[in-house]
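Trainee: heads up, no residue letters with this:
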DNA sequence: TCCCTTTGTTCCAAATAATGAAACTTAATT
DNA sequence: AATTAAGTTTCATTATTTGGAACAAAGGGA
């Protein structure tokens, strides 16, 4: 029962082990990991040692448990800053959350997946780290579709194919065909909706953030629940969202002289 | 001029490469990395490929640049929630910032270095992600010394030796001897000061966060400028700091190891 | 107490993967 | 077309990883 993963080399396998610790969501003992591992005892043991030495894991000798290490936190910091968009977009995202009186998400695209890099709620002043860094599917979220609608053919192709579709709700668009139709529509209007496609009772409106050269930098969205609002209501935020996206794009442009973005692969 | 790093195995070396990408703070090209790398072309190349395959890096074929990847961000996200004191300590840190009316830092130790995992200012409501994850020297910061004073011999040894000392200001303690004397003092009082040792006009008072078994979990500090206060004034916060540290330690204990409360080692 | 079981750690010869100099392929510049 | 720089692949050599098995340590009963 080998993990699905395509483990290239030793590094790949070691990272498998790291993921395993992460997925437990709490400090774990060696034996526990061994049970769920496809690696033999000695091998897994050495991986854990190496990762601990490297600060990717931390080991508590009292309870004999492994947990994720501080080095990852340092890397997280770097990752956030490197994804240039979040720090730049911060003020605009905050403003939008205040004006819309709803949750605002800022996301970027990586492969076919959506990476949330910031989140603002109007009320409580953020627990940012705990939210940004989340990853979601691209094909059934407002921000995901907004970005996919504007990426180049090749990137879209790759995003749609190397993706497993899952019907999260009855509204989820599961076939590439349905999705393509929707994306075409989004390309026309510049606005994308999530009509409870990912999670029941969660709806949102999103717009892409496009550079002057029409490259996709990211997307912003306003999210709410069906108990508090409707798609029609959300539509009213379209102008605000577009302004916000424009502002972010402009700032990003002037901040990074040449075309500079990550995204896509 | 081989890097100081103790790279165990292939995994260690690959993680070196990952760190290098992270430390650039922006998408980087292969040639750039090669220049600053001690690895030969082909080797570095393969590391980057592997890391990219594994999703730890992402490669933008258009600009031919590497940046940190989604998998890393996901891991980092998990790491912050699970392994750092920050989420647990949040309320206490906030409270302290409010009471002291000054900036409060929460830090953990990473090798000989200080890793800031949270920061609170009394006035503006947090820019958390952008601050936490920052790294500083251990030997000349309040939090750094507070933690070093209480770690076990072996860890201290390692921290002091694999460290390059730099005289940031005229007050910086540059020799291990001077430092050891100071640490001894700190061990007695449980309080550490930064007397403009890292940056001019920045002073702070710090205390370690110790587990029930006297393991160093982290440190908290109250920081201010010499224009607004003095070391003597800061001393008044000692009781508040100690209470805060105690609270954090207690909460951490019950949060992290709820069930097994067995033997100590 | 002693024995037994569970859990964690170390060994080492065989198998495998990493290494890196050099050759090769683009891509950009002149 | 020629030149240079940047990125990619090759392959015989070398060093590392591998994992079964032996070993050690830590409870837990009886």
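Mentor: Happy to help now that I have it. Quantities reported herein were computed from a predicted structural model and do not represent experimental measurements.

Trainee: so where do the helices sit in chain A?
Mentor: Assigned by DSSP state H, chain A shows helices spanning A:9-24, A:30-35, A:41-53, A:70-82, A:85-100, A:128-131, A:142-148, A:153-161, A:176-189, A:231-235, A:238-255.

Trainee: pLDDT wise, what is the residue lying closest to residue A:251 once chain neighbours are set aside at?
Mentor: Leaving out its chain neighbours, the residue that sits closest to residue A:251 by CB to CB, 6 or more residues apart in numbering or on different chains is residue A:88, at 5.2 Å. Every residue, glycine included, has its C-beta placed from N, CA and C. Residue A:88 is assigned a predicted lDDT (pLDDT) of 83.

Trainee: residue A:88 and residue A:252 touch, don't they?
Mentor: Yes. The criterion here is CB atoms under 8 Å, and residue A:88 meets it with residue A:252 at 5.4 Å.

Trainee: which residues touch residue A:33?
Mentor: Applying CB atoms under 8 Å, 6 or more residues apart in numbering or on different chains, we find residue A:33 in contact with A:17, A:20-21, A:24, A:44, A:48, A:66.

Trainee: of those residues, which is the nearest to DNA strand D?
Mentor: Closest approach to DNA strand D among the contacts of residue A:33 (CB to the nearest atom of the strand): residue A:44, at 8.4 Å.

Trainee: circling back: let me know which of the helices of chain A is the nearest to residue B:181.
Mentor: Residue B:181 lies closest, by CB to CB, to one member of the helices of chain A: helix A:70-82, at 27.8 Å.

Trainee: I'd like to know which elements that closest one is packed against.
Mentor: With contacts taken as 3 or more CB pairs under 8 Å, 6 or more residues apart in numbering or on different chains; DSSP states H and E, helix A:70-82 sits against helix A:85-100, helix B:9-24, strand B:65-68, helix B:70-83, strand B:103-110, strand B:113-120, helix B:128-131.

Trainee: could you give the angle of it to helix B:9-24?
Mentor: On the basis of axes from the mean of the first three to the mean of the last three CA atoms, to 10 degrees, helix A:70-82 is oriented at 40 degrees to helix B:9-24.

Trainee: could you give the angle of helix A:70-82 to helix A:41-53?
Mentor: Using the same axes, to 10 degrees: helix A:70-82 against helix A:41-53 is 60 degrees.

Trainee: buried sites along helix A:70-82?
Mentor: Of all the residues in helix A:70-82, those buried under the rule 16 or more other CB atoms under 10 Å in any protein chain shown are A:70-82.

Trainee: before we move on, what about stretch A:176-190?
Mentor: Going by neighbour count (16+ other CB under 10 Å), the buried part of stretch A:176-190 is A:176, A:179, A:182-183, A:186, A:190.

Trainee: so who does the residue lying closest to residue A:107 once chain neighbours are set aside touch?
Mentor: Counting by CB to CB, 6+ apart, residue A:143 is the residue found nearest to residue A:107 once chain neighbours are left out, at 4.0 Å. Contact analysis of residue A:143 by CB under 8 Å, 6+ apart lists A:105, A:107, A:114, A:116, A:192, A:204, A:206, A:218-221.

Trainee: apply 10 Å and report the result again.
Mentor: Counting by CB atoms under 10 Å, 6 or more residues apart in numbering or on different chains, residue A:143 touches A:105-109, A:114-116, A:136, A:192, A:194, A:204, A:206-209, A:218-221, A:223.

Trainee: repeat that for residue A:104.
Mentor: Shown here is residue A:104, whose contacts under the criterion CB under 10 Å, 6+ apart are A:89, A:92-98, A:118-122, A:204, A:220-223, A:237, A:240-241, A:244.

Trainee: for DNA strand C, give me its nearest residue in the stretch 101-250 of chain A.
Mentor: For the stretch 101-250 of chain A, CB to the nearest atom of the strand, closest residue to DNA strand C: residue A:154, 14.1 Å.

Trainee: residue A:161 is in contact with that residue, correct?
Mentor: No. Judged on CB atoms under 10 Å, residue A:154 makes no contact with residue A:161 at a distance of 11.1 Å.

Trainee: please name the bridge partners of the closest residue to residue A:79 other than its chain neighbours.
Mentor: With sequence-adjacent residues excluded and distances taken as CB to CB, 6+ apart, residue A:79 is closest to residue B:68, at 4.1 Å. Using DSSP bridges, the bridge partners assigned to residue B:68 are residue B:57.

Trainee: residues in contact with residue B:68?
Mentor: With contact set as CB under 10 Å, 6+ apart, residue B:68 has these partners: A:75-76, A:78-83, A:262, B:18, B:21-22, B:24, B:27, B:51, B:56-58, B:76.

Trainee: mind redoing it with 7 Å?
Mentor: By CB atoms under 7 Å, 6 or more residues apart in numbering or on different chains, residue B:68 lies in contact with A:75, A:78-79, A:82, B:21-22, B:57.

Trainee: make CSV out of the buried residues of stretch A:176-190 and add pLDDT and distance to DNA strand C.
Mentor: Output for these, formatted as CSV (pLDDT from 0 to 100; distance: CB to the nearest atom of the strand, whole Å):
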residue, pLDDT, distance to DNA strand C
A:176, 86, 29
A:179, 92, 31
A:182, 95, 34
A:183, 95, 29
A:186, 97, 31
A:190, 96, 31
